[in-house]
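In: Below are the sequence and a predicted model; questions follow.
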Amino acid sequence: MRVLIGLLLAISAVACGSGATSATDRLHPCRIDEGPPDAFCGAYRVFEDRGARTGRTIDLKIVVAPALRRDPRPDPIFVFEGGPGGGAATLATQRIPMFRRFQTDRDIVLIDQRGTGGSNPLDCDQDDKPDDDPGLIDEHTVDRFRTCLQTLQADATRYTTSIAMDDIDDVRRFLGYDAINLWGGSYGTRAALVYLQRHEASVRAVVLDGVVPTDMRIPLYMARDGQRALDRMLDDCEKDTVGCASAYPGLRASTDALWAQLASKPRVTLPHPRTGAPLTITVSQQFAATVVLQALYTPEVSALLPRLLTDASRGDYKGLVALAFANDLPRGAISQGLFLSVVCAEDLPRIGAEDIARETAGRFIGRTLFETQVKPCEFWPRGLVDAEFYEPVRSPAPVLIFSGENDPVTPPVWGEHVHATLPNSRHIVVPGSGHITLMRGCVRQLVGRFFDAARVDAIDPACVNGLSRLPFFTTYTGAERRP
């Protein structure tokens, strides 16, 4: 019996020095409806009004994928989700596999920022969205947000990025971590930069992927950056003389003609992409522009665009409509009210009418789409944002920055913008990549080495040089080279 007790004590001692960290001691194994079965779940309660420290509270949803080694490193990776409006913990089942390579040595921590996922989401999704609605932003969206605002159990002014990042630091302390690593993607890079600015002493190293600086003025440059990505796609098609250019001669002219063609807002009936039932839908410029912009996010989908644009210019809209429904996010994936609480407070006050006219003129994403997206800001409550929020972050912390060469929303110019003021940073542009580069080529290996060393000079980015745009589809089954 003494031998057995000794063995149990030895096992317990090993466990205490292994993946059973103080963080997981404060959580519980995730239930099937909470997160991955091998992760730990829980919540941390904060006041909605952090200054008053009274009134409504928010339970911040937490998911931790514990390190797999018995002697893990003490510095976890905190994952900051995009949007704004995405909840990292709610998306844990999709996100943790992306970071599994790093989980060998470190805990992976995902938290639903206040107003997202399971943290009092500012959810403005439709409960009764019809089957013929692909969920794109249109003129009816504004009325939906007005109604939504009246039903929210929240003070929408208390959901800005700075407030949310102070929450995150509270969670860090609750979980027992000292220095942490940050990974942010898209809007998550803004969140990470704000956390670094406000809680620098708690940061060991930072990776930014698809940079959204605090002074970006979302969504002002969406038209400019989206046009750049579309033009690059058209240029690359023309250069592919035995493939894309041969299959789709005059693609640029066909695309220009398409935008003019859709000014009449043709209403068409075609098979529903999911059910096969007859679907009658209006294919407007705004509809097509939204679908094309979304397609440009990912190399695999943008490879289809020459075919889809050619078909649409000939009056066959089945491909565009199918892609619209394929991009329809599941309910709750993005808390649209949180998007407004962030953008209406942090970005829109710095956008003037002349800015909108300048940035949308002559671009496929016109001012109608821009104005529809921000129209709810006319009545959405705005939180306070201090002047420091817009100041460049100049922290000495090591920061590794990635940009996709063909990114339609966070192109390399934004990565370079942030790199210029971070003295200990490095900016890597990934050839052929769109929005978010983590899963492209050797990028995860570079991220892993950087987090291990916490030095930007510890990696050799030459491995990305062999990457390029994926071959364009010349048929719906793939690329075929013509003689």
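Out: Okay, I see it. The shown structure was predicted, so the numbers you read here are calculated from the model rather than taken from an experiment.
In: In contact with Thr298, which residues?
Out: With contact taken as C-beta atoms under 8 Å, 6 or more residues apart in numbering, Thr298 is in contact with 434-435. For the C-beta atoms, the positions are set from N, CA and C on the backbone; glycine is no exception.
In: So what does it have for phi and psi?
Out: phi -120, psi 130 (degrees, to the nearest 10).
In: List the single closest residue to the residue most central in space within the chain in space, sequence neighbours excluded.
Out: By C-alpha atoms, centre = their mean, the mean C-alpha position of the chain lies nearest to Gly82, the distance being 2.9 Å. Ranked by C-beta to C-beta, 6 or more residues apart in numbering and with sequence neighbours excluded, the top spatial neighbour of Gly82 is Ser186, at 3.2 Å.
In: Correct me if wrong: that neighbour contacts Leu208.
Out: No. Distance between Ser186 and Leu208: 9.7 Å, which falls outside the contact criterion (C-beta atoms under 8 Å).
In: more crowded one of the two?
Out: The residue with more neighbours, out of Ser186 and Leu208 and counting by other C-beta atoms under 10 Å, is Leu208; that gives 32 against 24.
In: okay, the nearest residue to Tyr476 once chain neighbours are set aside: pLDDT?
Out: Taking C-beta to C-beta, 6+ apart, and ignoring the residues beside it in sequence, Tyr476 has Arg307 as its nearest neighbour in space, at 6.7 Å. What the model reports for Arg307 is a pLDDT of 97.
In: now swap in Asp132 and tell me
Out: 52.
In: which stretches of the stretch 351-483 of the chain form helices?
Out: In the stretch 351-483 of the chain, helices defined by DSSP state H, counting those that start in this stretch lie at 353-360, 367-374, 412-419, 443-453, listed in chain order.
In: Give the other helices and strands that the last one contacts.
Out: Applying 3 or more C-beta pairs under 8 Å, 6 or more residues apart in numbering; DSSP states H and E, we find helix 443-453 packed against helix 100-103, strand 203-209, strand 399-404.
In: C-alpha coordinates for the strand or helix carrying Ala289, CSV please?
Out: Under DSSP states H and E, the secondary-structure element containing Ala289 is helix 285-295. Taking Å, rounded to 0.1, in the frame of the first residue of the first chain, the C-alpha atoms of helix 285-295 are listed here in CSV:
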residue,chain,number,x,y,z
GLN,A,285,-23.7,46.1,-58.0
GLN,A,286,-23.6,46.1,-54.2
PHE,A,287,-24.4,42.4,-54.1
ALA,A,288,-21.8,41.5,-56.7
ALA,A,289,-19.2,43.8,-55.1
THR,A,290,-19.7,42.2,-51.7
VAL,A,291,-19.3,38.7,-53.2
VAL,A,292,-16.2,39.6,-55.1
LEU,A,293,-14.5,41.3,-52.1
GLN,A,294,-15.2,38.2,-50.0
ALA,A,295,-13.8,36.0,-52.7
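In: any idea how far it is from the chain center?
Out: Between the mean C-alpha location of helix 285-295 and the chain-wide mean there is a distance of 18 Å, by C-alpha atoms, centre = their mean, to the nearest Å.
In: pLDDT of the helix or strand just after that helix, averaged?
Out: Sequence-wise, the next helix or strand beyond helix 285-295 is helix 299-302, with elements assigned using DSSP H and E. Taken as a whole, helix 299-302 has a mean pLDDT of 96.
In: Would you mind pulling up the elements that helix 299-302 packs against?
Out: Here helix 299-302 touches helix 285-295, going by 3+ C-beta pairs under 8 Å, 6+ apart.
In: and the angle for the helix it packs on with helix 367-374?
Out: Between the direction of helix 285-295 and that of helix 367-374, the angle (axes from the mean of the first three to the mean of the last three C-alpha atoms, to 10 degrees) works out to 70 degrees.
In: quick one, what contacts the nearest residue to Ile334 once chain neighbours are set aside?
Out: Across the structure, with C-beta to C-beta, 6+ apart as the measure, the residue nearest Ile334 apart from its sequence neighbours is Gly85 (4.0 Å). Residues counted as contacts of Gly85 (C-beta under 8 Å, 6+ apart) are 115-116, 122, 187, 334-339, 342.
In: Which of those has the largest number of neighbours?
Out: Neighbour tally across the contacts of Gly85 (other C-beta under 10 Å): the maximum, 33 neighbours, falls on Thr116.
In: Give the residue spans of the stretch 251-400 of the chain that score low on pLDDT.
Out: The stretch 251-400 of the chain contains residues with pLDDT under 70 at 327-332.
In: try 80
Out: Across the stretch 251-400 of the chain, the ranges flagged by pLDDT under 80 are 327-333.
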